[in-house]
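Undergrad: Build me a structure from this.
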Amino acid sequence: MPRAALLARQVYCHRIRKYVGAYYAVLGRVDAIVFTGGVGEHDAEVRAAALAGLDRLGITVDPARNESRSAGEPAVSPPGAEVTVLVIPTDEEWEIAHQAMTLLRESSACS
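TA: Numbering: from 1, shown residues only. Here you go, the predicted structure:
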């Protein structure tokens, strides 16, 4: 991986860790962390790196579960973890189409 790409990846993961820590501090507790979308769904290395070092907060990723991502099992945290880490697939195209149809219906109802 080129140096610039590696640096960008490290900064990306650092920012995720920073935001998780900040939200934890503001909320006082975290029940779950959800990864979704392209990178969140398909990049086990980013998921692991983004949450690395947060063990003291009860946030851990099970390496085997994170890598295997068996169908139907969204949890990548260890069983019984204090904070559940999930990978939830999304369908962005469907959501965009749904919102567009809703807007079209609303605008035609107002006419």
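Undergrad: CA only for contacts and neighbour counts going forward, please
TA: Noted.
Undergrad: Now for the spatially most central residue of the chain: which residues touch it?
TA: By Cα atoms, centre = their mean, the chain has its centre lying nearest to Phe35, at 1.6 Å. Going by Cα atoms under 8 Å, 6 or more residues apart in numbering, Phe35 touches 41, 47, 85-88.
Undergrad: Tell me the spacing between the closest residue to Pro89 other than its chain neighbours and Val26.
TA: Closest residue to Pro89 apart from its sequence neighbours, by Cα to Cα, 6 or more residues apart in numbering: Thr36 at 5.8 Å. Here the distance between Thr36 and Val26 works out to 23 Å (Cα to Cα, to the nearest Å).
Undergrad: and if you look at Cys110?
TA: From Cys110 over to Val26 (counting by Cα to Cα), the distance is 41 Å.
Undergrad: thinking again about what came up before, restricted to strands, list the contacts of Phe35.
TA: Within these, residues falling in strands by DSSP state E are 85-87.
Undergrad: could you pull out the strands for the protein?
TA: 32-35, 84-87.
Undergrad: which residues of this protein score low on pLDDT?
TA: 70-71, 111 (pLDDT under 70).
Undergrad: quick one, helices of it?
TA: With helices called from DSSP state H, the chain shows them at 3-27, 37-42, 44-51, 63-68, 92-110.
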